[in-house]
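Undergrad: Need coordinates for the below:
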Amino acid sequence: MPGENGNREKKMKHKEDFIMQNVGGENLLVPLGAQVMNLNGLIILNDTGRCVWELLDEERSLDELTTAVVKRFSVTAEIARADVQTFLNEIAGMGLLEG
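TA: Numbers count the residues shown, from 1 in each chain. Predicted coordinates:
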């Protein structure tokens, strides 16, 4: 599908008004500044979510993120792409992505 291929090449990164903290073994995204008012609570990430969030410090495409997850977690490209896309959809829905 034409739109799908373009979406995989689209570059995105996370917004800067969240920081990653590890508290008691949990990976937490903590809102800063105005985001404190926009988000009621903290976001807990699993290891895959943490990996993708850290990769999104720089602009990345879905394909780049998928390749990194495959290498890091030794999963198939299909599983990695599905997991990454789900994560991106969730954080985009919360307004945490740029691009």
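
Undergrad: And the strands in this structure, which stretches?
TA: Ranges of strands in the chain, per DSSP state E, are 13-14, 18-23, 26-31, 43-45, 97-98.

Undergrad: Can you lay out those strands as CSV showing mean pLDDT?
TA: Below are the strands of the chain laid out as CSV (pLDDT from 0 to 100):
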stretch, mean pLDDT
strand 13-14, 93
strand 18-23, 88
strand 26-31, 88
strand 43-45, 92
strand 97-98, 90
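
Undergrad: Including distance to residue 71, could those strands go into TSV?
TA: To be clear about C-beta, it is placed using only N, CA and C from the backbone, and glycine gets the same treatment. What follows is the strands of the chain, written out as TSV (distance: least, CB to CB, whole Å):
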stretch	distance to residue 71
strand 13-14	20
strand 18-23	20
strand 26-31	19
strand 43-45	19
strand 97-98	22
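
Undergrad: nearest to residue 85, of these?
TA: Nearest to residue 85 among the strands of the chain is strand 97-98; the distance by CB to CB comes to 12.4 Å.

Undergrad: Show me which residues of whichever helix in the chain runs longest are buried.
TA: If you go by DSSP state H, the chain has its longest helix at helix 77-93. Within helix 77-93, the residues that count as buried by 16 or more other CB atoms under 10 Å are 80, 81, 83, 84, 87, 88, 91.

Undergrad: out of those, who's nearest residue 17?
TA: Set against residue 17, the nearest of the buried residues of helix 77-93 by CB to CB is residue 91 (12.7 Å).

Undergrad: Quick check: bridge partners of the nearest residue to that closest one once chain neighbours are set aside?
TA: Nearest residue to residue 91 in three dimensions, chain neighbours excluded: residue 97, at 5.8 Å (CB to CB, 6 or more residues apart in numbering). Note on residue 97: beta-bridge partners by DSSP bridges are residue 14.
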